[in-house]
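Novice: When you get a sec, could you give me coordinates for this:
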Amino acid sequence: MELMTKLKDMIPWKRKPVDTHEVMSLRDDINQLFDRFLMSPLETGWSRFAGGGSGIEMDETDEHVLLRADIPGLDPKHLNVTVRPGMLHVSYEDEREWRDGNGEGRGRRYTAFHRSVALPDGVDVSKTEAACKHGVLAVRIPWTPEAKDRSRRIVVSVE
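Specialist: Sure, this is the predicted structure:
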């Protein structure tokens, strides 16, 4: 028995326990590596939103809900923005073929993505407006009159 104990101590590759957070961290690192490798160069504006949400920032004011997304380098003519009660969908699809001047080289690039965002209750989707300027898509959805009446500012007292 004593010999077995000595042998275990002498083996340099004896197994040491691995913490769960180390495995999860490795998995997350590998996932990010594949995400960066497989992503189209045109989608880099959307990549930083992966995991943290949908890629669309949402702000609420007293008058409307404002959604913004950075879309640098994308042609706004190929954007498809749809809204229905409770959901906003933004998608993009573009296919381009190219040839160099002397006709020897050619290629094709296909870019597509789709993002959806849950909207708060009380927005009037029939009055949604969208605009794209300087690589930023902005979607404005006003509140319904009923939703405006239900909301009120609360003054916080300081003691």
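
Novice: Now for residue 95: which residues touch it?
Specialist: Applying Cβ atoms under 8 Å, 6 or more residues apart in numbering, we find residue 95 in contact with 108, 109, 110, 111. Using the backbone N, CA and C atoms, a C-beta is placed for each residue, glycine as well.

Novice: Beta-bridge partners for it, please?
Specialist: Beta-bridge partners for residue 95, by DSSP bridges, are residue 110.

Novice: again, but for the one 4 residues further on
Specialist: Beta bridges link residue 99 to residue 106, judged by DSSP bridges.

Novice: I figured it hits residue 108, correct?
Specialist: No - applying Cβ atoms under 8 Å, one finds residue 99 not in contact with residue 108, separated by 10.3 Å.

Novice: Which single one of the contacts of residue 95 is nearest to residue 78?
Specialist: Comparing those against residue 78 with Cβ to Cβ places residue 111 closest, at 8.6 Å.

Novice: Now do the host helix or strand of residue 117: which elements does it pack against?
Specialist: For residue 117, the element it lies in under DSSP states H and E is strand 106-118. Contacts defined by 3 or more Cβ pairs under 8 Å, 6 or more residues apart in numbering; DSSP states H and E place strand 106-118 against strand 87-99.

Novice: got CSV for the contacts of residue 95, with pLDDT and neighbour count too?
Specialist: Converted to CSV, those look like this (pLDDT from 0 to 100; neighbours: other Cβ atoms under 10 Å):
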residue, pLDDT, neighbour count
108, 84, 8
109, 81, 12
110, 82, 11
111, 82, 18
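
Novice: out of those, who's nearest residue 70?
Specialist: For those, the nearest to residue 70 is residue 111 (15.3 Å; Cβ to Cβ).
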